[in-house]
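> Just a sequence and a predicted model for now, questions to come.
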Amino acid sequence: MGNISIFKKVFIKLWILIFGKIKYKDKYGLLYFLWPNTRPIDTYQRGVRTDDDTLLKLVLRITSTLNNSDKPPVCFDVGGFMGIVTLTMLKGINGNGIVHTFEPVRRNHARIIENIALNGYSNAVINNMAISNYSGLGLHNLTHEGGDDFLQKLHNYSGSLLGDSIMSDKDLSRRDHAVDVDSKQLTLVMTLYQYMKTCSIDWVDILKVDAEFTDHLVLEGAQEFFYKHHFGFILIEYNKGDGCAEELLNMLLDADYKIYYMVRNTGQLVKNLKDYPKECKKCLNIMAVSNNISDDICNEIIDGLLI
């Protein structure tokens, strides 16, 4: 880790130019492919492909406590990208339990499947769909960074959205349910509430959310599962200053979740942003803890991390 030589940088770039991707083993022992648009040089220098290493460390720490439970863990990764958090969850639960991943972009969805196969995991459900506050169809803007234009609502659907007969139109009935329209992609959209009801899931140990500035809509769509604390640990993107950050924070506080701010790339936490180290990059994620998690378990998770 750290700076890599010019020779190695040239080698990585040439390899990706010729073969389209390069296999990488990160500092946590996870294998995954790196593609041209996934910051391969930065990944080699940092030892892992992530914007916040603290989140990955928390996933591993939380899953280590879940493995002591009699009930197989259930983890959700909303906004899977290329599957790094999904792989970290799978490594943490170590074959015990299941990970459900949600990724609306077809290319990313395929990459997640490829990376999971590379590690030999079989206990994952990789859904090519968006999660929001409605169920139906959406037009996903592939060129937009996020926010209101990232997923355009097209159609509500009140029935079951899982299975072979998702939609009546035969052209949209395939499970990958994605059609390119210029720079946009038609995609299935579902609420967490409907997904959990359909799959008979009433408790999720870890819910990770990175939904491109629509994270609050993910929680909104979880309905009573969110408000009744059916998510043990919520690890969610929080960009202070963006449009949804304060709305997201207020939702968590109003629902009486305990809030911890992740100190970016340090493995540390603070309970109040005023205590956030000024020398560190701004906070990118928060951890919200359900009141159904015992104080003993919570203290075990944050032990040695709180500053």
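Thanks, I have it. Owing to the predicted nature of the structure, the values given are computational and were not obtained by experimental measurement.

> Verify the contact between residue 184 and residue 105 for me.
No. With contact defined as CB atoms under 8 Å, residue 184 does not reach residue 105; the gap is 11.2 Å. Just so you know, the C-beta spots here come from the backbone N, C-alpha and C atoms, and that holds for glycine as well.

> When these two are compared, which one has more neighbours?
Looking at residue 184 and residue 105 with other CB atoms under 10 Å, you find the greater number of neighbours at residue 105, namely 19 against 16.

> Return the backbone torsion pair for that one.
The phi/psi pair for residue 105 (degrees, to the nearest 10) reads phi -80, psi 120.

> now the helices: where do they sit in the protein?
With helices called from DSSP state H, the chain shows them at 6-19, 40-46, 53-66, 84-93, 106-119, 192-198, 215-222, 224-227, 245-254, 295-302.

> now the angle from the fourth one to helix 106-119?
This points to helix 84-93. Here the directions of helix 84-93 and helix 106-119 differ by 30 degrees (axes from the mean of the first three to the mean of the last three CA atoms, to 10 degrees).

> Single out the most deeply packed of the helices of the chain.
Across those, the average number of neighbours (mean count of other CB atoms under 10 Å) peaks for helix 84-93, which reaches a mean of 26.

> and it, how far out from the chain's middle?
Computed by CA atoms, centre = their mean, to the nearest Å, the chain-centroid distance of helix 84-93 equals 11 Å.

> which residues touch that helix?
With CB atoms under 8 Å, 6 or more residues apart in numbering as the test, helix 84-93 has contacts from 28-30, 32, 48-50, 55-56, 59-60, 62-64, 66-67, 72-73, 75, 77, 80, 99, 101, 112, 115-116, 119, 121, 123-124, 126, 206, 208, 210.

> so residue 247 touches residue 214, yeah?
No. Residue 247 is not in contact with residue 214 according to CB under 8 Å; the separation is 10.7 Å.

> quick revisit: now render the helices of the chain as a markdown table, adding distance to residue 260 and mean pLDDT.
Formatted as a markdown table, the helices of the chain follow (distance: least, CB to CB, whole Å; pLDDT from 0 to 100):
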| stretch | distance to residue 260 | mean pLDDT |
| --- | --- | --- |
| helix 6-19 | 36 | 96 |
| helix 40-46 | 23 | 95 |
| helix 53-66 | 9 | 96 |
| helix 84-93 | 17 | 97 |
| helix 106-119 | 27 | 96 |
| helix 192-198 | 22 | 96 |
| helix 215-222 | 16 | 96 |
| helix 224-227 | 18 | 96 |
| helix 245-254 | 11 | 94 |
| helix 295-302 | 7 | 95 |
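
> a markdown table for those helices, including distance to residue 135?
Converted to a markdown table, these look like this (distance: least, CB to CB, whole Å):
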| stretch | distance to residue 135 |
| --- | --- |
| helix 6-19 | 38 |
| helix 40-46 | 35 |
| helix 53-66 | 27 |
| helix 84-93 | 22 |
| helix 106-119 | 19 |
| helix 192-198 | 5 |
| helix 215-222 | 8 |
| helix 224-227 | 14 |
| helix 245-254 | 20 |
| helix 295-302 | 33 |
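
> what sits against residue 2?
Per CB under 8 Å, 6+ apart, neighbours of residue 2: residue 45.

> how far does stretch 55-71 sit from the chain's center?
16 Å.

> Just the CA trace of that stretch, in PDB.
This file holds the C-alpha atoms of stretch 55-71, laid out as PDB (Å, rounded to 0.1, in the frame of the first residue of the first chain):
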ATOM      1  CA  LEU A  55     -17.400   1.400   6.700                       C
ATOM      2  CA  LEU A  56     -15.700  -1.800   5.700                       C
ATOM      3  CA  LYS A  57     -14.100  -2.200   9.100                       C
ATOM      4  CA  LEU A  58     -17.500  -1.700  10.800                       C
ATOM      5  CA  VAL A  59     -19.100  -4.300   8.500                       C
ATOM      6  CA  LEU A  60     -16.400  -6.800   9.600                       C
ATOM      7  CA  ARG A  61     -16.700  -5.900  13.300                       C
ATOM      8  CA  ILE A  62     -20.600  -6.200  13.200                       C
ATOM      9  CA  THR A  63     -20.600  -9.500  11.300                       C
ATOM     10  CA  SER A  64     -18.100 -10.900  13.800                       C
ATOM     11  CA  THR A  65     -20.800 -10.500  16.500                       C
ATOM     12  CA  LEU A  66     -23.500 -11.800  14.300                       C
ATOM     13  CA  ASN A  67     -21.700 -15.100  13.900                       C
ATOM     14  CA  ASN A  68     -22.200 -15.700  17.600                       C
ATOM     15  CA  SER A  69     -26.000 -15.600  17.100                       C
ATOM     16  CA  ASP A  70     -28.300 -18.700  16.700                       C
ATOM     17  CA  LYS A  71     -30.100 -17.000  13.800                       C
END
